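*Asks:* sequence plus predicted model, see below.
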Amino acid sequence: MPLAPEERRPRLTPAIADVRRAVRASLTPLRDARVAGSSPIQDAPLVLVALSGGADSLALAAATAFEAPRAGLRAGAVIVDHGLQDASAEVAARAAQQARDLGLDPVVVARVSVDAGSSAGPEGAARAARYEALRREASAHHALAVLLAHTLDDQAETVLLGLARGSGAASLQGMAAESGLYRRPLLGVRRATTRAFCADSRLAPWDDPHNLDPAYARARVRERVLPVLESELGPGVAEALARTAEQLREDNDAFQQMIEETIEDIVEHVEAGIGIAVSALEANPPALRGRIVRFVAQSEFGVALERVHVQAVLRLVTDWRGQQPLDLPGFSAAREGRLLVLRAAR
């Protein structure tokens, strides 16, 4: 017997309200991208939800299915099957059916091949394959945005992992709520809230065994490290880590603006490379010097320098004693008169 409308529609619990509110805030700016004068929903711009079937992405999918039409948008889903588990095809098919039941359209299952021998490790290789599939499907369906289901807990885990690896402020600032094609509406929502959303909505999420596998660093942080910190330091550790990420992102944005405003005045093109005025670097504080060098290396040579490399380059500025040119990943650095010269590797 079909369910009555009131039985199909979940009551508005605090968890459902919180997730819907977060999704609404993320979708609202996209209203301006609606096609002028197109009232039929079939003509509305499309957003895609990256759906794994887990509680976080399932809650995001359900909330997006509810909020997107109210923002004048269509909503679909992309399920990426990494093929890393025996039942991955069945899990993907189940998630796809849940997306259809929620009213999402189109629903795409994208099967990818993960390079198990990648230098990035299995997690990094799977992530790269997943984002490439999401980008490809978004392009194929002309989607305005892809919604990712990272939560506040994911953000806290990212900050802790970056801290443990000594990755610097760029890593500690965590994930951005908006980054090009991608949006993360749930970065202010706890994982417990998405599970409550699914329970309140009578949605059955899939629990990925990899999330509990201690072979993965993120799983160890999730299951061991954060609970210990919460137990020993009191509740609110995850929220504090997320606030730290937000503050560092604001600082990084300010540094980036400063660099972009000054970079054209202190660099010049030289034969087969680019030169940075030594006097300008010396006049800036160490943190800004390092960021200028990183910026030039990334923009000119596509190289993300490690701290040890940056420090070696800056010694050509602050501790100049006639050193030989430095051979770095992708380029060389040398002191030539008034310039620090970076040239692409031959």
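*Replies:* Structure's in. What do you need? Numbering: from 1, shown residues only.

*Asks:* can I see the domain layout of this structure?
*Replies:* If you go by automatic domain parsing, the domain ranges for the chain are 5-242, 271-344.

*Asks:* what packs against the longest helix seen in the chain?
*Replies:* With DSSP state H setting the assignment, residue counts place helix 237-266 as the longest helix in the chain. Based on contacts counted as 3 or more CB pairs under 8 Å, 6 or more residues apart in numbering; DSSP states H and E, the elements that helix 237-266 packs against are helix 152-165, helix 169-172, helix 226-233, helix 278-283, helix 286-301. In short, each C-beta sits where N, CA and C put it, glycine included.

*Asks:* flag the shaky bits of the stretch 1-150 of the chain, pLDDT-wise.
*Replies:* Counting by pLDDT under 70, the stretch 1-150 of the chain has low-confidence residues at 1-9, 32-43, 116-122.

*Asks:* all helices for it, in order.
*Replies:* Residue ranges of the helices in the stretch 1-150 of the chain, as given by DSSP state H, counting those that start in this stretch, are 5-8, 14-27, 55-67, 88-101, 121-140.

*Asks:* ok so, going back, and among the helices and strands packed on helix 237-266, the most buried is which?
*Replies:* Using mean count of other CB atoms under 10 Å, the stretch among those with the largest mean neighbour count is helix 152-165, at a mean of 20.

*Asks:* biggest strand in this protein by residues?
*Replies:* Using DSSP state E to define each element, the chain has its longest strand at strand 74-81.

*Asks:* just checking: what are the partner strands of it?
*Replies:* Within its sheet, and counting by DSSP bridges, strand 74-81 is paired with strand 46-50 (parallel), strand 107-111 (parallel).

*Asks:* from the chain's centroid, how far away is it?
*Replies:* When C-alpha coordinates are averaged (CA atoms, centre = their mean, to the nearest Å), strand 74-81 and its chain have centres 17 Å apart.

*Asks:* angle of that strand against helix 14-27?
*Replies:* Relative orientation of strand 74-81 and helix 14-27, computed by axes from the mean of the first three to the mean of the last three CA atoms, to 10 degrees: 100 degrees.

*Asks:* nearest to V317, of the helices and strands packed on helix 237-266?
*Replies:* Shortest distance between V317 and these, using CB to CB, is found for helix 278-283: 4.9 Å.

*Asks:* thought L144 was touching L46?
*Replies:* Yes - with contact defined as CB atoms under 8 Å, L144 counts as touching L46 (6.4 Å).

*Asks:* need the overlap of contacts for the two.
*Replies:* Residues within reach of L144 and of L46 at once, by CB atoms under 8 Å, 6 or more residues apart in numbering, are L73.

*Asks:* what's in contact with stretch 78-94?
*Replies:* Judged by CB under 8 Å, 6+ apart, the contacts made with stretch 78-94 from elsewhere in the structure are 48-53, 95-96, 99, 107-114, 122, 126, 129-130, 133-134, 137-138, 146, 206, 209-210.

*Asks:* and if you look at stretch 333-346?
*Replies:* Taking CB under 8 Å, 6+ apart as the criterion, the residues outside stretch 333-346 that touch it are 268, 270, 272-279, 281, 293, 296-297, 300-301, 312-313, 316-317, 320, 323-328, 330-332.

*Asks:* and it, what's buried?
*Replies:* Using 16 or more other CB atoms under 10 Å as the test for burial, stretch 333-346 gives 333-335, 339-343.

*Asks:* now, the most widely separated pair of those?
*Replies:* Farthest pair in these (CB to CB) is R335 and R343. Separation: 12.5 Å.
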